[in-house]
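# Sequence plus predicted model, see below.
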Number of protein chains: 4
Amino acid sequence: MQHGRAHTSLPNREEQTGRSCCATMAPTGAKKGILERLDAGQVVIGDGGFVFALEKRGYVKAGPWTPEAASEHPEAVRQLHREFLRAGSNVMQTFTFYASDDKLENRGHTQRFTGQQINEAACDLAREVANEGDALVAGGVSQTPAYLSCKSEDEVKATFKKQLDVFVCKNVDFLIAEYFEHVEEAEWAVQVLKTTGKPVAATMCIGPEGDLNGVSPGDCAVRLVKAGAQIVGVNCHFDPVTCVKTVKLMKEGVEKAGLKAHYMSQPLAYHTPDCNRQGFIDLPEFPFSLEPRIVTRWDVQKYAREAYNVGIRYIGGCCGFEPYHIRAVAEELAPERGFLPAGSEKHGSWGSGLDMHTKPWVRARARRDYWEKLKPASGRPFCPSMSTPDGWGVTKGHADLMQQKEATSEEQLKVLFDKASKGN
Amino acid sequence: MQHGRAHTSLPNREEQTGRSCCATMAPTGAKKGILERLDAGQVVIGDGGFVFALEKRGYVKAGPWTPEAASEHPEAVRQLHREFLRAGSNVMQTFTFYASDDKLENRGHTQRFTGQQINEAACDLAREVANEGDALVAGGVSQTPAYLSCKSEDEVKATFKKQLDVFVCKNVDFLIAEYFEHVEEAEWAVQVLKTTGKPVAATMCIGPEGDLNGVSPGDCAVRLVKAGAQIVGVNCHFDPVTCVKTVKLMKEGVEKAGLKAHYMSQPLAYHTPDCNRQGFIDLPEFPFSLEPRIVTRWDVQKYAREAYNVGIRYIGGCCGFEPYHIRAVAEELAPERGFLPAGSEKHGSWGSGLDMHTKPWVRARARRDYWEKLKPASGRPFCPSMSTPDGWGVTKGHADLMQQKEATSEEQLKVLFDKASKGN
Amino acid sequence: MQHGRAHTSLPNREEQTGRSCCATMAPTGAKKGILERLDAGQVVIGDGGFVFALEKRGYVKAGPWTPEAASEHPEAVRQLHREFLRAGSNVMQTFTFYASDDKLENRGHTQRFTGQQINEAACDLAREVANEGDALVAGGVSQTPAYLSCKSEDEVKATFKKQLDVFVCKNVDFLIAEYFEHVEEAEWAVQVLKTTGKPVAATMCIGPEGDLNGVSPGDCAVRLVKAGAQIVGVNCHFDPVTCVKTVKLMKEGVEKAGLKAHYMSQPLAYHTPDCNRQGFIDLPEFPFSLEPRIVTRWDVQKYAREAYNVGIRYIGGCCGFEPYHIRAVAEELAPERGFLPAGSEKHGSWGSGLDMHTKPWVRARARRDYWEKLKPASGRPFCPSMSTPDGWGVTKGHADLMQQKEATSEEQLKVLFDKASKGN
Amino acid sequence: MQHGRAHTSLPNREEQTGRSCCATMAPTGAKKGILERLDAGQVVIGDGGFVFALEKRGYVKAGPWTPEAASEHPEAVRQLHREFLRAGSNVMQTFTFYASDDKLENRGHTQRFTGQQINEAACDLAREVANEGDALVAGGVSQTPAYLSCKSEDEVKATFKKQLDVFVCKNVDFLIAEYFEHVEEAEWAVQVLKTTGKPVAATMCIGPEGDLNGVSPGDCAVRLVKAGAQIVGVNCHFDPVTCVKTVKLMKEGVEKAGLKAHYMSQPLAYHTPDCNRQGFIDLPEFPFSLEPRIVTRWDVQKYAREAYNVGIRYIGGCCGFEPYHIRAVAEELAPERGFLPAGSEKHGSWGSGLDMHTKPWVRARARRDYWEKLKPASGRPFCPSMSTPDGWGVTKGHADLMQQKEATSEEQLKVLFDKASKGN
């Protein structure tokens, strides 16, 4: 099998960019669109989690999680896009999570760049790298503080609209409404995105128990399809096993309703068998001690296969997914796709590269059977294998969840710490 | 405390480089050398593990582990250097591990670039980024296939000499002889490196049980100091706890012998309580399922403090250390150093950035006490917490360890798999 | 609170017995019957698991699991009854599990005693000890090989009838139909037991997923009540948490159907979070490596409280429940019952006896808070916390499950081992 | 192989006993003594732990741990002796642990029986059951509160002497000085026991690190042999693996000193890889949450083999060892001994009894290979596999360890709880 057949233009150069909105960086013409690909039965490989990967690289602050790096350190963002492209991603999502002005302010960002500048920079970076290979650019919106604070439908929709303007101006290839805990808000997002005429994917951050109001995955999916989404699924909050299970329920719901859709999953790269409905944010390890839960490349190959088997064709990752995880998706599905990603020139399938290791007992690990069966030890005998999720039983509309602009005050924190101590 | 006081020149630009050996990229003049710093009692922060980090990013092949990326994908190598610099590293190690011609061939590398080209490119990249901040460039040599195959002292020394020529030509700031399992070979390396007149650090990949011939850490250290190393310590093969313990034994040996040295540790970022003398390579999880063992940033802060407390002043990391791990060293030792690294502008000390999280129970995690006490779950209830190391009881000189140019043949692999199956 | 108020007659003597059926060992007159107690809202404490406890003591063979010890080693059976009585049990179940002639033969028992002799001896032992305190005697029947082998309703009922004759002759206080995996067979058993006019309890060995044909716990309970059982619930196969959950579903079913019943649970003393529908027999550790799963006395106190809180009033145990586990039930519910069991004269509530320990840090464990919060370590770092259940997807009527008289032959075993090896 | 060849007299009767000291219960004449057996190279199988087993059965109070059950509930003590005899024990240790008057008072025992009565009753019970098979009676003394409280050598020796009087009067077959943390006190005990002319065994509750003053196992053993012990070894405090390792060190010490001895081990039936020098008492789970650490019968077979292989011939158990654990010793060493214990008539070697199980996949477990390789799951995903031992760094002579007659007062406990909370 040939390496990177589809990526022959992937350059070894380091180009400079400097453009203003709506002027440059047109998509290279000949690429097939997202729906053409899915309609043709092709596998579309998504990318991984920018926020978490760039936090580890030093460019995103955990807590605010805002994407000012697109303007502050474009070389870092561009490099990560390239690594995902090289790993096999067919989609470059613009690094615009939480990039609205109010959020940037709310999250304590010192305003060296406006929200619009950041959004535009992110779009340009995604397009630049997409043009280096067989990838499309997707612009994304996600759940809003406005909704949690019980603002009106109009107000919430206005927030989506504002973010959308940059995507339209920058002419992204399609749109994703992602990371919604309430199906109602996701519907509103889809309705706004649909006004652009571009293809719309919608993913919720829910598990098999459904959204935070208890709407089942099947019902969520049906409502999103009816709202106009051509692609539905889940992202974030749960591990690959759980996400595939949830999308399967969505698919069954859609089919039972006599509707049609494409399916998508972008799970965490963390094992989360102990999550409750709210997902990994409630795990005590979130976000700074998730390391022991990181999935291996073999876990990802299993995920890719299972996702494919239940009929999911848009297969990517979310928080925790690093380039080598995406490469594992591409390697697992290489037989179906007909080629390996460029990054596989540096990876022996199923550990085969180890046949050149110095020590013979390490060479004996150069086989699929070995890695598939291995139950990797944690090296942490003083730690358990599961945690009890936090969560104080509050949901949308609760005073504790009302968004505030200021950082939590000392006194507020004191109250929280006391509450938390008693809970344990 | 001010962010990045020492790094005011760190640029937001993306420069091009193209130079030939011994001509360009002079060190910026005013920096203090490695020994000046250590003699003054300063903390010197090393960098993390390039080979493992770049394997995950798609630029290094596990098994051969060769560094051709310095020539093939300089933007990826430069970016990783920058991330470590931003995280607080004072040393840019040239990405030249295993970069000798015979090794490059031996490991199946298709020769688009010669060993010399790769070594030179690696030196230039290190110097380029070192010049962006307060960092020195170190050139490194490590254990040779020649020694394992019982070649003579002259032959082994010739190998080191060849690698050294590029470092001298490129005028690196100091030299590191690292990753030695036999103290004899490490002594030979130090003797060769000393001929340059540059400061020499020497680290072995051993634990408290000593080298593969059973020479104790204390005795190893004494021999290395006598051979001329000004800095001695350990790198790779064991977790931070074990490495600090081992360097402590080295220090006790050196002091008991009435000698003087500086001390250095560059451990794995993996928990390895179950290792035997040969280190993590013998763990069944090596190298593709080590994820559950990855240390958290809090584990690293504890490591940095313990290392400092036993008198280690050159504190860095090896395989598995990502930029955020190095930042944790810099944050833990910020009181001693008087400043935070540039990367801390995107990191709240001890999780303080979480005080802006949406959910109150996550805000309650914005405190040191919480993260220090947490025993993070693995999310893997079907996996154990320790493994039994492999290892077939063979050492230097054994036929099984003789290096061969060709990849292991099908029949050879079959024999290994059978051996391995019986062993389990 | 007074110790053992209800047990003042518990003697320190060692009496001899030698009786023939239907002649001696009348119940002491004044005791309240099982339904009187439950109707009055009293807690009835069951006993623990004879088969497993006596296997460890050397009197029962794992595999056949037959109760010939009642005749062979009456002192051992009597002693265990006494320990449970002392621990607080209000019910002495006759040790007659699998005591039919065909089963005794089928299971390779060398016939030194007939089934009738064993059954009679077991009844006498239960009565003898019951008379020493405030306990009733219960005779039990359980699922039959006949049913699994698809025999007719008449044949299956005849099996129950035969066992019943001894219980009637020995005038047990009430009857238990227990350990049924199929509700149909349990109904048949209840119908037979009802013919005696004695109170009938019926427990199935099912979890929340229902019986092996998928009949829900609620539906099972309704059918058992309609068949004539006054007490319904579950026993064996699952851990305390799961059993309480299952009985809760039964209770909801019964109440929804407008019926009335008393509720009963007799769970395993093993943690089984990893069981599938078939229960702990399919766990790889069954029956010889279940040790790490054994519940602590504190786990049992939690169980007793939860069982009480959901409305279960007949609270006992099954396999793995030792006398100290039953004592924990009695101690937890001492406030409701008004007295402690005799056995508590040798047990400080919540570890309070430790206040006399030699070492001060052990004295510091003499408190409820300590034991309730402790997460006990397994001391087994090379073992996982969960297993994948076996189970080859065969159910009632499958050829593999047809009972045979002979022990499995060498060839049959060879086939099984091969099947098993492939499965792993 | 014949079952219980050596136990043909083991009766199925329940006899009454009632004797006064020094009058009855003479040993049956023809048995070989302990030294004759060991000198002839025979394996001698010890018994298991009475205190822990009887605590679970309801006859011993944890904390005081006193043996008044010998008088209060002789049937319970006799039954446990019988179970160990049936399991293969060649030694019945008198149930006299902590049976001195001061200890009985100190530990809050309400004096229904004097220390002498209890000691005599215990001797009679041991002798009675020993006479039912091929077992000897051993009387034991263990470490004293007097020593910990820094009393003089004379005072400590007087304590041992007092206990000894009963053993002499009752004419036990040999003596054991066991459970010593300080070799000095053990020497004193041996010196006192030697005055009787009976064979003396001496075991310390230490691990490879040696006694609480740091005297190595080898040196401890040498001192005990020089003091007159013919048999030396370890008991309690550590798991089988650790105990075998420690006795091996003792043997090496004795042989290096040119001395001769027999070797003995009676370990815990709990896995304790996380213990420090003080043993399992410092584990947070001691004594009420040790369940997950209980060894399986297969662990014990491995232990028996390893003990045999290093030259230990007196092989028994201590706390946690139940009859089935002792049977596992006897089954593992049946080839060497030439016969199986009586109890094996109810146990298929290596699980072979499962070949008659109903379900085929359980029948597939009827083989040694299966049980030897199984890594049993804990069923406790929220628990770790290791704990950090407590221990406040105090040793003999420290005020905190001075013995007091009264139970710890409320105020004293409050201080302890606070200390403990801070420690965590």
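Yep, it's here.
# and the residue in the stretch 1-150 of chain A positioned nearest to chain C, what does it touch?
Residue nearest to chain C within the stretch 1-150 of chain A: residue A:52 (26.6 Å; CB to the nearest CB). All C-beta spots, glycine's among them, are computed from the backbone N, C-alpha and C. Residues near residue A:52 by CB atoms under 8 Å, 6 or more residues apart in numbering or on different chains: A:287, A:319, A:320.
# Repeat that for residue A:82.
Residue A:82 neighbours (CB under 8 Å, 6+ apart): A:129, A:132, B:75, B:76.
# The same query, at a cut-off of 7 Å, please.
residue A:129 (CB atoms under 7 Å, 6 or more residues apart in numbering or on different chains).
# need the strands for chain A, in chain order.
A:44-45, A:91-93, A:136-142, A:174-180, A:200-204, A:231-235, A:262-266, A:314-315 (DSSP state E).
# Reformat the ones you listed as TSV; add distance to residue B:124, mean neighbour count and mean pLDDT.
Output for the strands of chain A, formatted as TSV (distance: least, CB to CB, whole Å; neighbours: other CB atoms under 10 Å in any protein chain shown; pLDDT from 0 to 100):
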stretch	distance to residue B:124	mean neighbour count	mean pLDDT
strand A:44-45	34	23	98
strand A:91-93	30	26	98
strand A:136-142	33	25	95
strand A:174-180	40	26	97
strand A:200-204	43	30	98
strand A:231-235	41	30	98
strand A:262-266	38	27	98
strand A:314-315	39	28	98
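# what distance separates stretch A:305-315 from the centre of its chain?
16 Å (CA atoms, centre = their mean, to the nearest Å).
# So what touches it?
A:38, A:43-46, A:231, A:233, A:244, A:247-248, A:251, A:262-265, A:304, A:329, A:332-333, A:336.
# quick one: pLDDT of residue A:340?
Among the per-residue scores, residue A:340 shows a pLDDT of 97.
# Just give me the neighbour total for residue A:32.
Other residues within reach of residue A:32, judged by other CB atoms under 10 Å in any protein chain shown, total 14.
# Quick check: phi and psi at it.
With angles defined as degrees, to the nearest 10, residue A:32 sits at phi -80, psi 140.
# Spatially nearest residue to it, not counting backbone neighbours?
Computed as CB to CB, 6 or more residues apart in numbering or on different chains, the closest residue to residue A:32 that is not its neighbour in sequence is residue A:40, at 7.7 Å.
# Likewise for residue A:190?
Per CB to CB, 6+ apart, closest to residue A:190 is residue A:227, 4.1 Å.
# Residue A:93 too?
residue A:138 (5.0 Å).
# In the stretch 201-350 of chain A, what residue lies closest to chain B?
residue A:271 (3.3 Å).
# didn't that residue look like it was pressed against residue B:380?
Yes - with contact defined as CB atoms under 7 Å, residue A:271 reaches residue B:380; the gap is 5.6 Å.
# neighbour-wise, which of these two wins?
Applying other CB under 10 Å to residue A:271 and residue B:380 shows that residue A:271 carries more neighbours, namely 30 against 26.
# could you measure the more buried one against residue A:247, distance?
For residue A:271, the distance to residue A:247 (CB to CB, to the nearest Å) stands at 18 Å.
# got it, and residue A:217?
8 Å.
# Looking at those two, which is more packed in?
Each of residue A:217 and residue A:247 has its neighbours counted (other CB under 10 Å); residue A:217 has more, 28 against 25.
# So what would you say the end-to-end distance of stretch A:223-243 is?
19 Å (CA to CA, to the nearest Å).
# swap in stretch A:207-224?
16 Å.
# Just give me the residue right at the centre of chain A.
Central residue of chain A (CA atoms, centre = their mean): residue A:318, 3.1 Å from the mean position.
# my guess is that residue contacts residue A:268, does it?
Yes - contact criterion CB under 7 Å: residue A:318 and residue A:268 qualify, at 5.7 Å.
# overlap in contacts of those two?
With contacts taken as CB under 7 Å, 6+ apart, residue A:318 and residue A:268 have residue A:236 as neighbours in common.
# if you skip the residues just before and after it, what's nearest to residue A:50?
Nearest non-adjacent residue to residue A:50, counting by CB to CB, 6+ apart: residue A:95, 4.9 Å away.
# And for residue A:273?
Going by CB to CB, 6+ apart, residue A:273 has residue B:379 as its nearest residue, at 6.0 Å.
# Give me the neighbour count for that neighbour.
28.
# Now do the closest residue to residue A:136 other than its chain neighbours against chain B, distance only.
In space, and not counting its chain neighbours, residue A:136 is closest to residue A:173: 4.0 Å by CB to CB, 6+ apart. Separation of residue A:173 from chain B (CB to the nearest CB, to the nearest Å): 24 Å.
# Same check on residue A:97?
For residue A:97 relative to chain B (CB to the nearest CB), the value is 14 Å.
# Give me the phi and psi for that residue.
Main-chain torsions, residue A:97, degrees, to the nearest 10: phi -60, psi 130.
# tally of neighbours for it?
20.
# My guess is it contacts residue A:51. True?
Yes - the criterion here is CB under 7 Å, and residue A:97 meets it with residue A:51 at 5.9 Å.
# what touches both of the two?
residue A:65.
# per-residue pLDDT, residue A:37?
Value for residue A:37, per-residue pLDDT: 98.
# Please report how far it lies from residue A:89.
13 Å.
# of the two, who's got more company?
residue A:89 (33 against 19).
# how far away is the more buried one from residue A:51?
16 Å.
# just residue A:316 next, same as before
14 Å.
# Then residue A:321?
From residue A:321 to residue A:51 the distance is 11 Å (CB to CB).
# residues from the stretch 251-400 of chain A in reach of chain D?
Residues of the stretch 251-400 of chain A that fall close to chain D, judged by CB under 7 Å from any CB of the partner chain: A:381, A:382, A:383, A:384, A:385, A:386, A:388.
# Return the residues of the stretch 201-350 of chain A in contact with chain B.
A:270-274, A:281, A:284-286, A:288-289, A:291-298, A:322-324, A:327, A:343, A:346-348.
# Where does pLDDT dip in the stretch 251-400 of chain A?
A:392-400 (pLDDT under 70).
# And the helices in it?
With helices called from DSSP state H, counting those that start in this stretch, the stretch 251-400 of chain A shows them at A:297-309, A:323-332, A:334-337, A:360-363, A:368-373.
# Look through the stretch 301-424 of chain A and state the residue closest to chain C.
For the stretch 301-424 of chain A, CB to the nearest CB, closest residue to chain C: residue A:381, 4.2 Å.
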